[in-house]
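Undergrad: my questions concern the predicted model and sequence given below.
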Amino acid sequence: MLAIKDAMPFQFLSDCVVGSSLEEGEEGSEGEEDRGSDYIPPSKEGTYTIIGTLQNPANAKPDWVKEVVQYAAKEELADHLMECDIIIYDITEDPDQIDEATWACSALHAELEHFDNPKMFILLSSVMTWAKSKPLDPDDPEIPFTEDDYRRRKPHPNFKNHISAEKLVIKNGKTNKGKFVTYVVAAGLAFGMGESIFHFLFKAAWEGKSPALQVFGTGTNIVPSIHIKDLAGVLQNICDQRPKTRYIVAVDDSQNTLEEIVRHISTHLGDGKVKHVTKEEALLSKDLAQADFDQLLVNLRMEAMFVKESMRIMWIAETGMCENIDTVIREYKQSRGLLPMRACIMGPPAVGKTTIAKKLCEHYKLHHIKIKDVIDEAVENLKRLSARADEGEEEEDDGKAQEAQELLDAIQESRESNNDRIEDQYIIRFYREKLRSMPCQNQGFILDGFPKTYEQAKELFAVDDEEEGEDEGGKVPSYHKGTMPEVVISLDAPDDFLKVRVMNLPEGQVAGTHNTEEGLTRRLTEFRNINREDETILNYFDELEIHPDHIDVSKDVSDDMRQTVDKLIKSMGEPRNYGPTPEELEEMERKATEERLKREAQEQEERERREAEEAAERARRQEEWAERLDEVRRQEQEVLEAQSTPLRNYLMKHVMPTLTQGLIEACKVRPDDPVDFLAEYLFKSNPQVD
């Protein structure tokens, strides 16, 4: 079982059969002679079982790791380390791991008497602990350092903790080599896969935002390096062999300077341009870490004598980065998912190709390839090249200036004889150059309305004579894989719909374009004519089994064709690039905040408006209700008054006189019970009672 701590190259070890690096060891005796007396033949039953920790605990467990160790205290980690046969700590990436690495080595050393099985501790360190070493021979500074010189090494000022950790590990391994053996691997600057130290250069070249790739200082410093898989091979050999040599230098055979490395990266991943900047200017870059800056400026000639003489390694890049730059770039793109996205949008005039292509390019960060832009850029480049001929620099350009001028003359003649139109052969030539340029090959592109015909597509995507295309026994036409679109989109709409759309455009957008009534009708007729035969542009892609996605844009009722764009984004998948930059994320967050505040203000305004309307309506209804209530009361009073008039008259004529006389009599007599007296009086005096 092998324990690792925040290291990069160990996915390779998870696929290695234990002892596999020894299988051919019987043919020679070099490896056997260098093994220590404490050598224990490893088991060959299976591959190494990997357990370890994650630098970022939030990340998911890699598939090749059996177990991720989670611990709150070092004592818990120590228990896991005691269960492992081999412990590897990588201190090249994260300096914060140095303290834990030295603690782990010391903790294991303190418990070596309680070991059930022999254990191995490997410290993966950096050649930066040699950065300030004095030359072996002042008269011959090109003599390389080897493992034998490790006691003379002097570290870079920022790597003093690294050399202290190295010394401690070597010391702890001397107590009982039979139970606890330790190794230090001084690795060159690691490259390959997703890149780490060199990532700043790779990313800058891939993005192509800078006019030239930067070389720090003079660029003449020798940069010792090693491919990450080759470094894993060194570790595998140590695990299998348990060699006698405890300090091992792991570098490849290259002696590349920084400028050579930068030029190769720029040539094969960028535009090929480099520029020298001072160290002070380089440090101003916020994307360049101090540790990476220090390592890129190291100047060391080193030779891995022990690795070459005593280890069996299936080298990936023994000759270094520059000699294997194509493989390294391919690994870089695949590891980081930086795969170009290529698409082509077809359709009749005014169907919305440019609008949709623009929005897709913004979303995926692709290059928008429009025929006018391609021609203008190509002609401008030709004019710039031809200008050198007038300046007498054609010899330096190997005749390129003269060729550019001749091509310009041919294009001008073509325009004069074709009603100011450029022949297809020149347009296709410009397109081929554009699509094969590094920016398009790195990020990808979207073709906007070109090619238009079967023949144009066939010529545009054809392979060169020296290239191999897709053939598959002649069933599928050959084509250039680096420029062939992965996605083909065919936008469809009836002519009447397109004419109405153009008629509704503002006059300013139509003026000076081909979208006049006459121009649109002519272009629609041309488009329908060239798409009636069997050999259409869509047939070409169908033959290659790149089936177009047909979309009826007449059903899109959204602004700026947002529905169609969203549908295409869903079908095309996630972007394959670095994603938004910190500045873009900040801008996106700012816009999102502005939209949220605007939306909240609109909602508040709408809420206040509704509340005001409801209050006004409520007041109106209350006023109306009060008016109606007053009216009802008035009408009821009138009714009561009208109904009470006959009764009043009756009372005044027949009741009131008798009642009045009764009351007078009661006052005169003053009876004990006035009410009974009055009732008796009224009964006796009632004129209606005889």
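TA: That came in fine, so what should we check first?
Undergrad: pLDDT weak spots in the stretch 1-150 of the chain?
TA: For the stretch 1-150 of the chain, the stretches flagged by pLDDT under 70 are 1-9, 23-45.
Undergrad: let's go with 80 and repeat that
TA: For the stretch 1-150 of the chain, applying pLDDT under 80 flags the ranges 1-47, 53-64, 72-73.
Undergrad: ranges for the strands of it?
TA: 2-5, 50-53, 67-68, 86-90, 119-126 (DSSP state E, counting those that start in this stretch).
Undergrad: helices and strands around the second one, which ones?
TA: Helices and strands touching strand 50-53, as assessed by 3 or more Cβ pairs under 8 Å, 6 or more residues apart in numbering; DSSP states H and E, comprise strand 2-5, strand 67-68. For glycine as for every other residue, the C-beta is placed from the backbone atoms N, C-alpha and C.
Undergrad: neighbours of Lys174, how many?
TA: 12 (other Cβ atoms under 10 Å).
Undergrad: could you measure from it over to Phe145?
TA: 23 Å (Cβ to Cβ, to the nearest Å).
Undergrad: which residue ranges form the strands in the stretch 201-350 of the chain?
TA: Using DSSP E, counting those that start in this stretch, strands in the stretch 201-350 of the chain cover 213-216, 225-227, 247-250, 274-277, 341-346.
Undergrad: cool, the stretch 351-500 of the chain as well?
TA: Counting by DSSP E, counting those that start in this stretch, the strands of the stretch 351-500 of the chain are 367-369, 444-448, 487-492.
Undergrad: which ones are touching Arg330?
TA: Applying Cβ atoms under 8 Å, 6 or more residues apart in numbering to Arg330 gives no contacts.
Undergrad: need the residue closest to the centroid of this structure.
TA: In the chain, the residue lying closest to the centroid (Cα atoms, centre = their mean) is Gly579, at 2.8 Å.
Undergrad: where does that one fall, phi/psi-wise?
TA: phi 80, psi -180 (degrees, to the nearest 10).
Undergrad: what do you get for Pro138?
TA: phi -60, psi -30.
Undergrad: quick check: next helix or strand after the longest helix along the chain?
TA: Identified as the longest helix of the chain according to DSSP state H is helix 582-650. Next helix or strand after helix 582-650 toward the C-terminus (DSSP states H and E): helix 656-669.
Undergrad: pull that following helix out as PDB, backbone CA atoms only.
TA: The C-alpha coordinates for helix 656-669 follow below in PDB (Å, rounded to 0.1, in the frame of the first residue of the first chain):
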ATOM      1  CA  MET A 656    -105.700  63.700  20.700                       C
ATOM      2  CA  PRO A 657    -108.800  65.600  21.800                       C
ATOM      3  CA  THR A 658    -110.000  62.800  24.100                       C
ATOM      4  CA  LEU A 659    -106.500  62.100  25.400                       C
ATOM      5  CA  THR A 660    -106.000  65.800  26.200                       C
ATOM      6  CA  GLN A 661    -109.300  66.000  28.100                       C
ATOM      7  CA  GLY A 662    -108.300  62.800  30.000                       C
ATOM      8  CA  LEU A 663    -105.000  64.300  31.000                       C
ATOM      9  CA  ILE A 664    -106.800  67.500  32.300                       C
ATOM     10  CA  GLU A 665    -109.200  65.400  34.400                       C
ATOM     11  CA  ALA A 666    -106.400  63.400  35.800                       C
ATOM     12  CA  CYS A 667    -104.700  66.600  36.900                       C
ATOM     13  CA  LYS A 668    -107.800  67.800  38.600                       C
ATOM     14  CA  VAL A 669    -108.700  64.500  40.400                       C
END
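Undergrad: against which helices or strands is whichever helix or strand comes after it packed?
TA: Going down the chain from helix 656-669, the next helix or strand is helix 674-685, by DSSP H and E. Counting contacts by 3+ Cβ pairs under 8 Å, 6+ apart, helix 674-685 packs against helix 656-669.
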